[in-house]
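J.: Sequence first, predicted coordinates after that:
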Amino acid sequence: MDHAAGFVNARGAVPVVHLHDIPNRVREVALHSVRHGAAMALAAAQARSGQELQVLPHGFLATEHPRDHERLVVDFFDAANSIALATLAEDVVNKVLPGL
């Protein structure tokens, strides 16, 4: 129990509070990983295209067919996988939970 709570740097004064904090910390790491992946993808797209992507509005355009967005995400899965392979999970965890 102490190892698991310590691994994710769970907060709390007593062991039971540590255990209850583990999902919060895991969620924090997962969301940071999503943001990191999105930033890596946008940086790669800008570097390859030469276009200033930072000036584009964020998010998807409104559509009558939200499944089109889902298909686009699936189409980019291979690119996302390449970015994930180029990213060390330990680096992402260390950015969220410094000192581990």
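T.: Perfect, I can see it now.
J.: And for residue 46, the neighbour number?
T.: Close neighbours of residue 46, defined as other Cβ atoms under 10 Å, add up to 14. C-beta: built from backbone N, CA, C; applies to glycine.
J.: Burial check on the closest residue to it other than its chain neighbours, number of neighbours?
T.: Spatial nearest neighbour of residue 46, chain neighbours left out: residue 53 (4.5 Å); criterion: Cβ to Cβ, 6 or more residues apart in numbering. Here the number of neighbours of residue 53 (other Cβ under 10 Å) works out to 12.
J.: Tell me which residues of stretch 74-85 come out buried.
T.: By neighbour count with 16 or more other Cβ atoms under 10 Å, stretch 74-85 contains the buried residues residue 83.
J.: Off-centre distance for that stretch?
T.: 13 Å (Cα atoms, centre = their mean, to the nearest Å).
J.: mind listing the helices in this structure by residue range?
T.: 2-7, 15-49, 67-75, 77-85, 89-96 (DSSP state H).
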